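Trainee: Predicted model and sequence below, questions to follow.
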Amino acid sequence: MTFKSILRTPEAQMTLVLLVASVLSLVFMGSPIAAPRALFGRSLSAIPPSMFPAITITLLAVLCVIALVLIARGQGRCRTHR
């Protein structure tokens, strides 16, 4: 199976779209998230507000890479029972 034939499957195409979207989201993470409020020079929260989105988007990117590897190895396809 060649790389081009793998990319023709809808599963691989959707996984690639999600991978590109998650990487772009990580790159531009600072733009939509506002800076935390400060009270007397100290932050009101213990963690920065971009921590949770960064963790979830990173996990999404890792899962997309794993899914693409499984699709390339042929283990990502559904098998029909006859």
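Mentor: Looks like it came in fine.

Trainee: which SS class is residue 56?
Mentor: helix (DSSP: H, G, I helix; E, B strand; the rest coil).

Trainee: Let me know the pLDDT of it.
Mentor: In this model, residue 56 is scored at 94, pLDDT.

Trainee: Output the below-cut-off pLDDT ranges for this structure.
Mentor: 1-4, 6, 32-45, 75-82 (pLDDT under 70).

Trainee: what are the ranges of the helices in it?
Mentor: Listed in chain order, the helices of the chain (DSSP state H) span 3-7, 10-27, 51-73.

Trainee: Buried residues of the longest one, list them for me.
Mentor: For helix 51-73, the buried set under the neighbour-count rule, 16 or more other CB atoms under 10 Å, comprises 57, 60-61, 64, 67-68, 71. In short, each C-beta sits where N, CA and C put it, glycine included.

Trainee: now the second one
Mentor: Taking 16+ other CB under 10 Å as the basis for neighbour counts, the residues of helix 10-27 that come out buried are 12, 15, 18-19, 22, 25.

Trainee: And for that helix, what's in contact with it?
Mentor: 6-7, 53-54, 57-58, 60-61, 64-65, 67-68, 71, 76-77 (CB atoms under 8 Å, 6 or more residues apart in numbering).

Trainee: repeat that for 7 Å
Mentor: 6-7, 54, 57-58, 60-61, 64-65, 67-68, 71, 76 (CB atoms under 7 Å, 6 or more residues apart in numbering).

Trainee: Can you lay out those residues as CSV showing distance to residue 46?
Mentor: Output for the contacts of helix 10-27, formatted as CSV (distance: CB to CB, whole Å):
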residue, distance to residue 46
6, 44
7, 43
54, 15
57, 21
58, 20
60, 24
61, 25
64, 30
65, 31
67, 33
68, 36
71, 39
76, 39
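
Trainee: how about these, which pair is most distant?
Mentor: Greatest spatial distance among the contacts of helix 10-27 (CB to CB): 6 and 54, at 29.3 Å.
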